[in-house]
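>>> when you get a sec, could you give me coordinates for this:
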Amino acid sequence: MLALLIRLGLRFEDRIEERRFVDQYVRGSLGWTQIAMLLGAATYAGYTLWDWVLYPEVVPTTLAIRGGTALFVLLPLTALLSRRLMKPWAETIFLVYCVIPGCILPSIYLVLPSGFTFAAPGMMMIILFVSTMLPLRIGSLAIFCLLSWLALLVAETFAPTMPMGLRFINHSLVGNAYALSLYAVAAREYRARKQFRTSEALQREKERSEKSLRDLRATQEHLVQAEKLASLGRLVAGVAHEVSTPLGLALTTSTAMQTDLQTMADALGGASVRRSDLTKGIDRLKQGLDMTFDNLHRASEMVHSFRQVAVHQADEDRRSFELKDWLAELMSKLGPLLSHHALAVDVQCPAGIKLNSYPGALAQVISNLALNTAGHAYPDERGGRFAITVSQPDAKRVRLVCADDGVGIPEELQAQIFDPFVTTGRESGHAGLGLHIAFNLVASSLNGRLRLESRTGPGTQIAIEIPIEA
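I've put the predicted structure just below:
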């Protein structure tokens, strides 16, 4: 029987899933079910009015049967559902609530002078209530049908006389009502199970999507941090290359000065020293010291610039800053790396534009765009130009356009240029994350928009629009 119910879709094979469905289907709306049970008890006892209209002499007996059933069975069962400990037994309570009045009702027809003439309509009213108002499953309804039908058969055996054919008519009508109620309840339960399965699948998919979203955000944060470290790494390489030149010159000059100083010491240790040799040696030492100072000062400035760029990109705090001075400072700090790629920087920004935003995120975006230009726009290493043009379309937003006159972006890549891992320099070791991270930073941290504006021809132009107040 269990296998048949599973095959018909009226039971789940998984016991845990079946238990969850029963909890939802049977115990999901106990408050409304209790209201229906109160209505059923009142209706069951209220049919005494019909008895009074037709046969006043039997009203005390029928009232005792109907009212006693409602008062001592139906109402206590209804109240029992209000107790928390009895909620797991809700389906059993529903079944008892239905079976007892269904089995008692045929005994009333033994009291009425009309006998079983109106037995079929009375039984059909109970069947209608049970199959529509109570959340019984097909198994419980089948038990009710079997027991109430047996009660009708037993009561008919005690009937003194019955008109010919009445038994057949009654059982035909009641049997038909049973069949229809069983089909209706089975169809309702089948639809509820399908809906339960769908909702469970949607819930699982929602949880899976939320987990994927959390993982994606964690990966995105990791990529942002990785890109920051990568951009700083490229900056370190550029600064190291630039710093090595003045340090090398300073070292060479120091070696030359050491030789000159040793020559002067040897001369002073001799018998006589010419004034011209002493003057010439002092001049050479002075020139060497000047060159050493200049080169060490240049290296010191580069190290300071590198430190400032690192501070800019690590700055996660929101603050107010003047855009023109901030851009000039940022691009001067990026100078060592960009000059290593023979990339000239041109910044055009009107004075007086003040942002209340996240300078660290904006520095990361502009750094990524500049490094992307350095790495992709001029593959022949002939050098080029990276220009930033700032305008203020209205009082609430500012627009920065980063442009170059390099080879441009292939047309087939323009639609997905901001997607992760899309790059034209895979063979050069580029991961394809720079523009993707820049896009996400503008959209999330800066609450703005970043889009590609150049579509055809050489050169690339990317526009950044961000609010004055992030």
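>>> okay but residue 296 is in contact with residue 249, surely?
No - the pair residue 296 and residue 249 does not pass the contact test of C-beta atoms under 8 Å, sitting 9.4 Å apart. Every C-beta, even on glycine, is put in place using the N, C-alpha and C of the backbone.
>>> where does pLDDT dip in this protein?
1, 224-242, 270-271, 273, 301-316, 421, 424-433, 454-457 (pLDDT under 70).
>>> the longest strand in it is where?
Longest strand in the chain by number of residues, with DSSP state E as the criterion: strand 384-394.
>>> which residue ranges of the chain form strands?
Under DSSP E, the chain gives strands at 319-322, 343-348, 354-357, 384-394, 397-404, 449-452, 460-467.
>>> format the ones you listed as a markdown table; extra columns: mean neighbour count and distance to residue 94.
Below are those laid out as a markdown table (neighbours: other C-beta atoms under 10 Å; distance: least, C-beta to C-beta, whole Å):
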| stretch | mean neighbour count | distance to residue 94 |
| --- | --- | --- |
| strand 319-322 | 13 | 66 |
| strand 343-348 | 15 | 78 |
| strand 354-357 | 17 | 63 |
| strand 384-394 | 16 | 67 |
| strand 397-404 | 20 | 64 |
| strand 449-452 | 16 | 59 |
| strand 460-467 | 20 | 60 |
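>>> adding distance to residue 139, write those strands out as TSV.
Output for the strands of the chain, formatted as TSV (distance: least, C-beta to C-beta, whole Å):
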stretch	distance to residue 139
strand 319-322	69
strand 343-348	79
strand 354-357	65
strand 384-394	69
strand 397-404	66
strand 449-452	60
strand 460-467	63
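>>> tell me which of these lies nearest to residue 144.
Nearest of the strands of the chain to residue 144, taken as C-beta to C-beta: strand 449-452 at 65.2 Å.
>>> other SSEs contacting that closest one?
With contacts defined as 3 or more C-beta pairs under 8 Å, 6 or more residues apart in numbering; DSSP states H and E, the packing partners of strand 449-452 are helix 434-444, strand 460-467.
>>> turn these into CSV, columns for distance to residue 408.
Listed next are those as CSV, based on distance: least, C-beta to C-beta, whole Å:
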stretch, distance to residue 408
helix 434-444, 14
strand 460-467, 6
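>>> now for these, which one comes closest to residue 355?
Closest among these, using C-beta to C-beta: strand 460-467, at 7.5 Å.
>>> packing partners for the closest one?
strand 354-357, helix 359-372, strand 397-404, strand 449-452.
>>> ok, and what's touching the third one?
So the one you mean is strand 397-404. 323, 353, 355, 366, 369-370, 373, 377-378, 384-393, 448, 453-454, 459-468 (C-beta atoms under 8 Å, 6 or more residues apart in numbering).
>>> what about the helices in this protein?
2-7, 15-27, 30-46, 48-54, 59-69, 75-80, 90-111, 119-133, 138-157, 166-268, 275-314, 323-340, 359-372, 434-444 (DSSP state H).
>>> packed most tightly, which of those helices would that be?
Ranked by mean neighbour count, these are led by helix 359-372 with a mean of 24 (mean count of other C-beta atoms under 10 Å).
>>> that one to strand 397-404, inter-axis angle?
Here the directions of helix 359-372 and strand 397-404 differ by 20 degrees (axes from the mean of the first three to the mean of the last three C-alpha atoms, to 10 degrees).
>>> next, the angle helix 323-340 makes with helix 359-372.
30 degrees.
>>> centre of the chain versus helix 359-372, how much separation?
Relative to the centre of its chain, helix 359-372 is centred 27 Å away, using C-alpha atoms, centre = their mean, to the nearest Å.
>>> wait, residue 45 touches residue 66, no?
Yes - counting by C-beta under 8 Å, residue 45 does reach residue 66; the two are 4.9 Å apart.
>>> what's the burial count for residue 411?
A total of 9 residues lie near residue 411 under the criterion other C-beta atoms under 10 Å.
>>> what's the span of stretch 388-403, first residue to last?
7 Å (C-alpha to C-alpha, to the nearest Å).
>>> do stretch 122-142 as well
The first and last residues of stretch 122-142 sit 19 Å apart, counting by C-alpha to C-alpha.
>>> mind checking how far the residue lying closest to residue 160 once chain neighbours are set aside is from residue 158?
Distances taken as C-beta to C-beta, 6 or more residues apart in numbering place residue 115 nearest to residue 160, at 7.9 Å, with adjacent residues excluded. Relative to residue 158, residue 115 is positioned 11 Å away (C-beta to C-beta, to the nearest Å).
>>> what's the answer for residue 282, then?
142 Å.
>>> what does residue 443 give?
Per C-beta to C-beta, residue 443 is found 83 Å from residue 158.
>>> and residue 299, how far is that from residue 248?
According to C-beta to C-beta, residue 299 and residue 248 sit 10 Å apart.
>>> check residue 52 too.
Counting by C-beta to C-beta, the separation of residue 52 from residue 248 is 119 Å.
>>> please apply the same query to residue 453.
Counting by C-beta to C-beta, the gap from residue 453 to residue 248 is 43 Å.
>>> and the residue nearest to residue 124 when sequence neighbours are not counted, what does it touch?
Excluding its sequence neighbours, the residue lying closest to residue 124 (C-beta to C-beta, 6+ apart) is residue 177, at 4.6 Å. By C-beta under 8 Å, 6+ apart, the residues touching residue 177 are 123-124, 127-128.
>>> swap in 10 Å and give it another go.
120-121, 123-128, 131, 145 (C-beta atoms under 10 Å, 6 or more residues apart in numbering).
>>> just those now: which is nearest residue 162?
residue 120 (12.5 Å).
>>> correct me, but that closest one touches residue 172?
Yes - shown here, residue 120 and residue 172 form a contact pair, counting by C-beta atoms under 10 Å, at 8.3 Å.
>>> surely residue 350 and residue 392 touch.
Yes - the pair residue 350 and residue 392 passes the contact test of C-beta under 10 Å, sitting 7.4 Å apart.
>>> give me the common contacts of the two.
Here residue 350 and residue 392 have residue 323 as joint contacts, going by C-beta under 10 Å, 6+ apart.
>>> could you break this structure into its assigned domains?
1-162, 222-311, 319-467 (the TED database).
>>> can I get those in JSON lines including distance to residue 184?
Formatted as JSON lines, those follow (distance: least, C-beta to C-beta, whole Å):
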{"stretch": "domain 1-162", "distance to residue 184": "6"}
{"stretch": "domain 222-311", "distance to residue 184": "56"}
{"stretch": "domain 319-467", "distance to residue 184": "53"}
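>>> leaving aside the residues next to it on the chain, what's closest to residue 378?
Nearest to residue 378 is residue 384, by C-beta to C-beta, 6+ apart, at 4.6 Å.
>>> that neighbour bridge partners, please.
residue 343 (DSSP bridges).
>>> residues in contact with residue 191?
residue 9.
>>> how about residue 2?
11, 13, 139.
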